[in-house]
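Trainee: I would like the atomic coordinates for the input below:
(3 chains)
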Amino acid sequence: MRTDRLALGAFLALLLLVPAILSPYYVTLLNYIGLYAMVALGLVLLTGVGGLTSFGQAAFVGLGAYTTAALTTATDLPSWIAWVGASPWLTLVAGLILTAVVAVLIGSLTLKLSGHFLPLGTIAWGISLYFLFGTMASLGGHTGISGIPAISLFGWTLDDGGEIYYLIWAFLLVAMLTTHNLLDSREGRAIRALKGGRVMAEAMGVDTGRARMIIFVIAALLACASGWLYAHMQRFVNPTPFGVHIGIEYLFMAVVGGAGYVWGAIVGAGVITVLKQWLQDWLPSILGASGNFEMIVFGILMVLVLHRAREGLWPILKKLVPMRAIHKTIDAGAEPLPRRTLPKAGELILEAKDVTRKFGGLIANNNMSLEVRAGEILALIGPNGAGKSTMFNQISGVDTPTSGEVLFLGKPVAGHDSREIARLGMSRTFQHVKLLPTMTVLENVAIGAHLRSGKGVLSSAWRLDRAEEARILKEAAAQIERVGLTEHMYEEAGSLALGQQRILEIARALCADPCLLLLDEPAAGLRFKEKEALGDLLKKLRSEGMATLIVEHDMDFVMNLVDRVVVMEFGQKIAEGLPDEIQQNPAVLEAYLGGVE
Amino acid sequence: MDMSIALILGQDGITNGAIYALLALALVLVFAVTRVIFIQQGEFVAYGALTLAMMQSGALPATVWLLVVMGVLVTALDGAKALKAGQGRRAAAVAGWNLAYPLALAGLLSVLPANTLPLALQVILTLAIVVPMGPMMYRLMYQPIASAPVLILLIVSVALHITMVGLGLLFFGAEGQRTPAFSDASFELGPLMVTGQTIWVLVVSVLLIVALYQFFERTLYGKALRATAINRVGAQLMGISPALAGKLTFFLAAFIGALSGVLIAPITTIYYDTGFLIGLKGFVAAIIGGLASYPLAALGALVVGLLEAFASFWASAYKEVIVFTLIIPVLLWRSLTSRHVEEEE
Amino acid sequence: MTQQTQAAASNANAKNPVLEVKDLSVSYGKVEALTNASITVGEGQIVTVIGPNGAGKTTMLSAIMGVLGSKGQVAFDGSLEVVPEVERMVARGMNLVPEKRELFGEMSVEDNLILGAFQRYRMGKRGHVQTLEEVYALFPRLKERRDQHAGTMSGGERQMLAVGRALMAKPKLLMLDEPSLGLAPLIVREIFRIIGELRRRGVSILLVEQNARAALQVADYAYVLETGQIAMQGPAHELADDPRVIEAYLGFGGKHQAMLST
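Mentor: All right, here's what the predicted structure looks like:
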């Protein structure tokens, strides 16, 4: 028996027994922990995994609570909506729908903005919704709404803390399981790439805007469900628990527990809730005054956690339970992913015409033209600062040319999204490697197959994606083997040497099944043997019909590998031709070696 | 609504707007130089107002003890570091500013009959207590993680905000305070009655803005802060350390916050937690300026002030909702004008 | 080959070393970018570090300056820095002109220059107005454009401003990271003329360059950095004739040795 399974089993058994062995006080405490953990779980997904921060989750909790409270207690609703109030289960659905709509609205306003506008926005609408709850007469103003019915389930009425306890924790455990499943899937890898890997993810065809919206809505829905449970547990709601300061507390729970970990939500909610109870008992008597003084301690605690243990408590706790790393199994029998038909050798794949890019007064690219054909390797070389990287960005859609045209397979792509370009069959690596350092090599490479697969959030959450997942992993493993990294397949990508990380990027690009490969300095930092292996790989790809554009500094590597060379200096093309011609070209030598006189 | 009511509301709006403008400028400055989103700005407003009120009530302002505690911590950290590096003079300077100064101030305040002093001196003493907390806060809370992502710095700010609110409750109690006006004079301007305090607020705000402009345009330290905001690496290579820039910025922001508090305390009743909403309105203004443009932020502040004043007339219960919802069209406009995927820090 | 070269040679001409770096190592996470690099710059010397992209040249300069954390010893101007701190190094007379220039784009040329004297001003030394005139004398172009925003200038002017700004600190040691990067030949020539001029004025210079020939012509001593290690070193004129340099640095397989010695 694995120790982690054992620990999990013991935890679940303990949960089951709690109402029988503990006093109602502790059951209530655990109810709150469960409710809070559900909101914190949303923040784990949003903040810890996705890198987005919200201080406004309490408002979504309020939305869930007030929706059910208003619908189940109102007596004079119009008939088209009144029927919903008949059962809390119907109001749950209504609350979730309303929350999803609100979240999509708010998300579409704020998610496109750079990082800090979202949390500031969440504070603002958190306050707005809070004041709205407090001032709308139909919602009972500051006195709130009472007389909310209990939930009944198969004729069993959950009107006691010990009974709704099971419902709360069942909700939480299901939420944790689905979140866990989601993160370990195609969509999950896209979500995990949001934090620090957006440019890379877009280049692999991930719609990162959509992925951000998804986690924002999921987090809101979890908060809404928590609010619904809360309303039917308390049988009463008023605005106080939905203010911005409670929203801040939720974020603290996630961060203290470990915002990057599903279990961090429970740990954080538990620690903060228990601590709050203690402090509320102790502090007023110590300080000789009454008030929310626990906030002083929470604030300091939070700063200390961020200074000393930014990952939160869960990773520290996890070390106490020795766990064996579990490797994903590669199913050799999985059906291969569909492949695109490669263009015939010699066919024109990429054509850049008179591309010019200006930055203020600087002209980084001036009338650059080049073309790449299927089954050939073209090298773009030139001294540092010649504008090669800028040119690369114009072709790959990261940047938009000031003027000129880029045609890929005959279609204009200049100024298009990187993911659109990726869909057409262009795949790239980055000069400064962009990978997700804490994910395994296998998972990093699997992101490359994003566009060759299509299972969404719901199938991932409920594990209906396993057949496709096996196909993705098989493909990723095959590409890893192809580039010679098999022995590192299960290591964290961040622990590889720089040269291997570059190779990993090539495997990821290949995993997208491209017809044009853009490689930005793939040989930099590689040892001699590794360079040889890389050269062999690229030659093999060429023989299969792949078109390759390579920006490289290492002349030895380039000259022995490529078919044609384009040389840039000062943003312009100074020479183009076969490697041998280029090596004899005085202008090139001058550009490369430089000269004073 | 007739003309005279509109004028009165306009006067209210502009007075509050002037304060929001000061706060918005400080927020933009702090963000530009340190990347810290200065959520706790509002608490400096409340601490300024309530410290003055406490002094006027004849009590020893409890904030001075917070200053002493923060000073002790800074001395422990920086003094030890300087001693270890064998820099005795530096250690002495650290202890002088962070240990001797707060203790001397506490001693002075406990013997001085502060409530009988002239208002100007009370204001100076208030600033002397509250403003140094700014640089100390930067040293203790932000300097150790100065290169952390913006979001981490933001969470620290929020944590400090709630800590300061809690401490505010402890220091000042739950009662609201309103201090006497700087002057009882009032002027009739056609149908409008302009109070002396309004004039004080406007004049001080304008003077402060002019002084800040001069500081940034004419002095080397002001230029150094601008340089840090424009290019952090470049500034560091000139020997402008991020720690120095951070402390200087927090000094300015704390000064602006505490002074704003002193200015509005005669106009609005200030509670220990009032600062948050005031500070957030400064934020709405700063966001209108995209957290980058000073003139736009100041203009936004006037809009916020006027909107708030007129909203309180038409829909007083929804005043806050209306002001904070203003942020939505602003964010909408900003999201429509940004296109490319950016890598977050 | 590298072992022998390293053991045999050292920058022995460096009397009164201004900078002595011993066993400097820098890691980015688990990846080591610089391994046990040792270099010496003598007073009034121009020392160059050349090597291919990604060899760790910029990393080395950043570590010496204290911008990056490192292991090893950096002795500057006679005293050892356990942990180099940028502000302290600037105050003590070390200045770096970084590869990306790092100018204050929305500030005037003159403000950029004045900020170069920030540490001096802070330590109570005045006289930056005079230094400003000296810098203007060296770069008349900057004087013409003193009120213009730095961000609106051409590449060559930006590089001059970056060098001028560093000179405002009156450095003992000036470190230049790829000063010729992306500049037209005429301007490169001008930059190298100024580097020579600075040496005549007694400034020691550590020059990182991809423009190998120009660097080797102007320098007294040279180091070749490869994958984070010093692979070769020697008097600059000797290395300029060494076929291995051409091979290691350019990968032309020694075919074009003639190009270097012309």
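Trainee: Which parts of chain A are strands?
Mentor: Per DSSP state E, chain A carries strands over the ranges A:145-146, A:151-153, A:156-158, A:236-237, A:348-359, A:362-373, A:377-381, A:403-408, A:411-412, A:426-428, A:516-520, A:547-551, A:564-569, A:572-577.
Trainee: the inter-axis angle of the fifth one versus strand A:564-569?
Mentor: This points to strand A:348-359. Using axes from the mean of the first three to the mean of the last three C-alpha atoms, to 10 degrees, the direction of strand A:348-359 lies 0 degrees away from that of strand A:564-569.
Trainee: Please spell out which residues along the longest helix that chain B contains are buried.
Mentor: Counting by DSSP state H, the longest helix found in chain B is helix B:3-34. Residues of helix B:3-34 classed as buried by neighbour count (16 or more other C-beta atoms under 10 Å in any protein chain shown): B:7, B:9-34. The C-beta positions use only the backbone N, C-alpha and C, and glycine is treated the same way.
Trainee: Ok, which of the strands of chain A comes nearest A:I300?
Mentor: strand A:236-237 (31.1 Å; C-beta to C-beta).
Trainee: which residues does the residue in the stretch 251-400 of chain A positioned nearest to chain B contact?
Mentor: When scored by C-beta to the nearest C-beta, the stretch 251-400 of chain A has A:G299 as its residue closest to chain B, at 2.9 Å. Neighbouring residues of A:G299 by C-beta atoms under 8 Å, 6 or more residues apart in numbering or on different chains: B:A159, B:L160, B:H161, B:I162, B:T163, B:M164, B:G166.
Trainee: Go back to the residues you listed and keep what's next to chain C.
Mentor: When C-beta under 8 Å from any C-beta of the partner chain is taken as the criterion, no member of these contacts chain C.
Trainee: Give me the nearest residue to the residue of the stretch 51-200 of chain C found nearest chain A, chain neighbours excluded.
Mentor: For the stretch 51-200 of chain C, the residue closest to chain A is C:G182, as judged by C-beta to the nearest C-beta, at 3.0 Å. Setting aside the residues directly before and after it, C:G182 is nearest to A:G385 in space (C-beta to C-beta, 6 or more residues apart in numbering or on different chains), at 3.0 Å.
Trainee: In this structure the one you found contacts C:L181, no?
Mentor: Yes: at 4.2 Å, A:G385 counts as touching C:L181 under the criterion of C-beta atoms under 8 Å.
Trainee: if we can go back for a sec, quick one: residues contacting the residue nearest to C:G182.
Mentor: C:E178, C:L181, C:G182, C:L183.
Trainee: Number of residues surrounding the last one?
Mentor: Right, C:L183. Using other C-beta atoms under 10 Å in any protein chain shown, C:L183 is surrounded by 22 other residues.
Trainee: For C:G66, see how far away it is.
Mentor: Distance of C:L183 to C:G66, computed by C-beta to C-beta, to the nearest Å: 28 Å.
Trainee: again, but for the first one
Mentor: Plainly put, C:E178 is 20 Å away from C:G66 if you go by C-beta to C-beta.
Trainee: Tell me which residues touch A:D513, please.
Mentor: Going by C-beta under 8 Å, 6+ apart, the list of residues near A:D513 reads A:L337, A:R339, A:R340, A:G425, A:A449, A:R452.
Trainee: Give me the buried subset of these.
Mentor: In those, burial by neighbour count holds for A:L337, A:G425, A:A449, A:R452, counting by 16+ other C-beta under 10 Å.
Trainee: pLDDT score for the second one?
Mentor: What it means is A:G425. pLDDT recorded at A:G425 is 94.
Trainee: Distance of it relative to chain C?
Mentor: Noted for A:G425: a distance of 29 Å to chain C, by C-beta to the nearest C-beta, to the nearest Å.
Trainee: From the buried ones among the contacts of A:D513, pick the one nearest C:K100.
Mentor: When the buried ones among the contacts of A:D513 are ranked by distance to C:K100 (C-beta to C-beta), A:G425 comes first, at 34.2 Å.
Trainee: for chain B, what are the nearby residues on the stretch 51-200 of chain C?
Mentor: Contact residues, the stretch 51-200 of chain C versus chain B (C-beta under 8 Å from any C-beta): C:65, C:67, C:86-87, C:90-91, C:95-96, C:98, C:100-107, C:111, C:114-116, C:118-119, C:121-122, C:165, C:169.
Trainee: Mind giving me the PyMOL command for buried ones among these?
Mentor: In PyMOL, this line selects whichever of these come out buried by 16+ other C-beta under 10 Å:
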select buried, chain C and resi 65+67+86+87+90+91+95+96+98+101+102+103+104+105+107+111+114+115+116+118+119+121+122+165+169
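Trainee: Please flag which of the residues of the stretch 51-200 of chain C next to chain B sit within strands.
Mentor: Among these, DSSP E puts C:N95, C:L96 in strands.
Trainee: mind listing the strands for the stretch 51-200 of chain B?
Mentor: B:186-189, B:192-195 (DSSP state E, counting those that start in this stretch).
Trainee: will you turn those into JSON lines that also has mean pLDDT and mean neighbour count?
Mentor: Shown next, in JSON lines, are the strands of the stretch 51-200 of chain B (pLDDT from 0 to 100; neighbours: other C-beta atoms under 10 Å in any protein chain shown):
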{"stretch": "strand B:186-189", "mean pLDDT": "83", "mean neighbour count": "11"}
{"stretch": "strand B:192-195", "mean pLDDT": "84", "mean neighbour count": "16"}
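Trainee: CSV please, covering these and showing distance to chain A.
Mentor: Conversion of the strands of the stretch 51-200 of chain B to CSV gives the following (distance: least, C-beta to the nearest C-beta, whole Å):
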stretch, distance to chain A
strand B:186-189, 33
strand B:192-195, 29
